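Enquirer: Make a model of this:
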Amino acid sequence: MIRKTRVRTYSPYSRDAVSLLGGLIRSARLVKKMPIQEVADRAGVSRGLLQRIEKGDMKCEIGVVFEIAHLVGIPLFVPDHADLKRQLSYTNEKLALLPKSARARKSNIYDEF
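Expert: Numbering: from 1, shown residues only. Got it, this is the predicted structure:
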C-alpha cells in the first residue's frame, strides 16, 4: 500500500515566525554556550530534530519546540510563569462563557437588483 504524503502550504507569516523562533533558540543556545547535544539530551530529542527546529522546519512538533525554547531561556508569551498561569486562567474563564462550537452565520443576501 502506497501512502500519499500531504503537502501543506504555509503563509509567509507562519514560515517567518517559525524561522524567527528557530533562530532565537539557536542564538540563546550559543550565547549560553550549550552544545546542541546537551540541549537535545535534556529535551529528550535527537540532535537532528533540534537542528531542524533551529532551521525553522515547519513539521516539528510544537510541544517539543516550546520545551526547547524554555530550556534555553526564551519566554514565549510572558517572561514570568505566574503571569502565564494568570493568562491561562483568564482564557479558560473566557472560553467557559463562550459557546461550545462556532456555526456559520446565516446571512440573507438581497441580490435582486
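
Enquirer: Give me the most central residue, the chain.
Expert: The C-alpha lying nearest the average C-alpha coordinate of the chain belongs to residue 62 (CA atoms, centre = their mean; 4.6 Å).

Enquirer: So for that residue, what's the pLDDT?
Expert: pLDDT recorded at residue 62 is 95.

Enquirer: Distance check, it against residue 31.
Expert: 23 Å (CB to CB, to the nearest Å). All C-beta atoms are positioned from the backbone trio N, CA, C, and that covers glycine.

Enquirer: Same question for residue 96.
Expert: According to CB to CB, residue 96 stands 41 Å off from residue 31.

Enquirer: do the same with residue 104
Expert: From residue 104 to residue 31 the distance is 48 Å (CB to CB).

Enquirer: ok, these two, which is more surrounded?
Expert: It is residue 31, of residue 104 and residue 31, that has more neighbours when counted by other CB atoms under 10 Å, with 10 against 5.

Enquirer: I'd like to know how far the more buried one sits from residue 72.
Expert: 9 Å.

Enquirer: cool, and residue 26?
Expert: For residue 26 relative to residue 72 (CB to CB), the value is 9 Å.

Enquirer: quick one: secondary structure of residue 68?
Expert: Secondary structure, DSSP: H, G, I helix; E, B strand; the rest coil: residue 68 is helix.
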